[in-house]
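J.: Make a model of this:
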Amino acid sequence: MSGSIVLNWLASTPDFAVPYALAALGLIISERAGVLSLGAEGLMLVGALAGIGAQIVLGQPGVSLVLAMLAASAVSLLFAVMVIWLRVNQVIAGLALVFFCQGFTALVGSLAEWTNHATEGIGSMALWPLSLLPGVGRLFEQNAMVWLTLPIFVAVAWFFSRTSAGLRLRAVGENPQAADAAGIRVTTWRLAAVLAGSALVGLAGAYISVVSTKLWIAGMTGGRGWIAVGLVIFARWSPWKALVGALLFGCIEALIPQLAAAGVQLPQYFVMMTPYAVTLGVMVWVALARRGGDDEPGALGQPYVREERR
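T.: Numbers count the residues shown, from 1 in each chain. Coordinates of the predicted model:
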């Protein structure tokens with residue numbers, strides 16, 4: 001590849017990586033509290049639809065992204081009620097949520113006539129003075145959400161490792177019985193984790209519709225929510241490892257259009273299956289490379305009711 005193609009590839013990688021990073025971080029928050037969240041694909045669609053709808057009506061990208069986060073949190077309440085209070089199997093509830101959101105967003109988007117309605121979105125911001133560097137300056141011209149993603153990761157990592165609230169949340173996910181005995185409200189913390197995590201997943205979806213593509217198409221997340229689920233396993237529930245993994249997948253996704261621009265002819269179905277093939281390869285690699293203790297939250301996927309405390 002020529003130098004310009006490589007530079008374009010590297011410059012476009014953050015744009016492709018942000019949805020994976022935000023979705024994976026949201027899942028980590030939820031799963032650190034012991035709630036297995038497989039509904040990321042559906043919540044991303046809710047965020048994408050709510051974001052583009054708000055953008056079409058209000059025309060304010062910042063407000064649209066916030067409303068998308070609130071919409072995804074609101075829909076996740078249904079999932080939270082099922083798995084936290086009704087103790088529905090978390091795998092089945094997550095899958096049901098995905099299918100519900102796929103149909104719901106397609107219906108609303110069609111009725112509201114938001115499909116293929118282009119909006120302005122968010123422009124790029126230059127990180128001065130790095131953007132003035134000869135040759136590589138373009139790498140530092142990204143949209144505002146790319147620059148905000150790193151502080152979001154810093155805040156969440158700090159929350160988990162440096163705050164008593166983060167310790168309580170992790171305790172709920174590791175051993176809810178012991179956490180309850182210590183006076184921690186397990187149900188409240190799990191609900192808060194689901195809502196907060198879903199807000200970030202919704203933001204990931206809104207990024208695709210409001211910032212990246214600047215329009216809505218039914219099913220436009222294209223399986224990125226499922227890849228985020230695998231990314232969490234690859235990252236072993238660590239925010240920083242999830243960010244590295246998101247950049248890896250961003251590199252792969254950004255490479256495909258660059259190869260096409262360079263005249264490399266790739267079969268359509270090969271392009272479609274590539275991210276999932278990489279996901280499978282990464283998960284196999286993680287399983288083979290695992291050494292010592294397991295970082296998976298001890299009570300992940302397990303319902304908890306105080307009266308059944310052992």
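
J.: Mind naming the longest helix for this structure?
T.: Taking DSSP state H as the criterion, the chain has its longest helix at helix 3-32.

J.: what is the mean pLDDT for that one?
T.: Here helix 3-32 scores 92 as its mean pLDDT.

J.: Next: stretch 237-251.
T.: The predicted model gives stretch 237-251 an average pLDDT of 93.

J.: Name the residues of it that are buried.
T.: By 16 or more other CB atoms under 10 Å, the buried positions in stretch 237-251 come out as 237-239, 241-243, 245-251. Glycine gets a C-beta too; all of them are placed from N, C-alpha and C.

J.: ok, now stretch 24-44?
T.: Buried residues in stretch 24-44 (16+ other CB under 10 Å): 24-44.

J.: Tell me where this structure has helices.
T.: Using DSSP H, helices in the chain cover 3-32, 40-58, 61-80, 90-111, 144-162, 164-174, 176-181, 186-206, 224-235, 239-261, 268-289.

J.: Specify the stretch among these that is closest to Pro134.
T.: Closest to Pro134 of the helices of the chain is helix 3-32 (CB to CB; 11.6 Å).

J.: quick one: the closest one to chain centroid distance?
T.: Centre-to-centre, helix 3-32 and its host chain are 9 Å apart (CA atoms, centre = their mean, to the nearest Å).

J.: Tell me which residues of it come out buried.
T.: Within helix 3-32, the residues that count as buried by 16+ other CB under 10 Å are 7-9, 11-32.

J.: Spit out the contact partners of the spatially closest residue to Ala179 that is not a sequence neighbour.
T.: Distances taken as CB to CB, 6 or more residues apart in numbering place Ala171 nearest to Ala179, at 4.2 Å, with adjacent residues excluded. The contact partners of Ala171, taken as CB atoms under 8 Å, 6 or more residues apart in numbering, are Ala178, Ala179, Ala182, Ile184.

J.: Now do the same for Ala171: its pLDDT.
T.: Reported pLDDT for Ala171: 96.

J.: how about Gly298, what does it touch?
T.: Gly173, Glu174, Asn175.

J.: Check which helices and strands the longest helix of the chain is in contact with.
T.: helix 40-58, strand 141-143, helix 144-162, helix 164-174, helix 186-206, helix 224-235, helix 239-261 (3 or more CB pairs under 8 Å, 6 or more residues apart in numbering; DSSP states H and E).

J.: separation between the residue lying closest to Phe104 once chain neighbours are set aside and Ala106?
T.: Nearest non-adjacent residue to Phe104, counting by CB to CB, 6+ apart: Val46, 7.6 Å away. Using CB to CB, to the nearest Å, we find Val46 at a distance of 11 Å from Ala106.

J.: closest to Ile208 among the buried residues of stretch 237-251?
T.: Set against Ile208, the nearest of the buried residues of stretch 237-251 by CB to CB is Gly250 (12.6 Å).

J.: hang on, that closest one packs against Thr13?
T.: Yes - using CB atoms under 8 Å, Gly250 is in contact with Thr13, at 4.6 Å.

J.: Buried residues, stretch 116-131. List them.
T.: Neighbour counts over stretch 116-131 (16+ other CB under 10 Å) mark Thr119, Gly121, Ile122, Ser131 as buried.

J.: Surely Ile233 and Met283 touch.
T.: Yes - at 6.0 Å, Ile233 and Met283 qualify as touching, with contact defined as CB under 8 Å.

J.: can I get the helices of the chain in a markdown table with distance to Pro303?
T.: Compiled in a markdown table, these are given as follows (distance: least, CB to CB, whole Å):
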| stretch | distance to Pro303 |
| --- | --- |
| helix 3-32 | 14 |
| helix 40-58 | 20 |
| helix 61-80 | 12 |
| helix 90-111 | 8 |
| helix 144-162 | 23 |
| helix 164-174 | 12 |
| helix 176-181 | 9 |
| helix 186-206 | 10 |
| helix 224-235 | 20 |
| helix 239-261 | 25 |
| helix 268-289 | 26 |
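
J.: what's the most buried one of the ones you listed?
T.: With neighbours taken as mean count of other CB atoms under 10 Å, those reach their highest mean count in helix 40-58, at a mean of 28.
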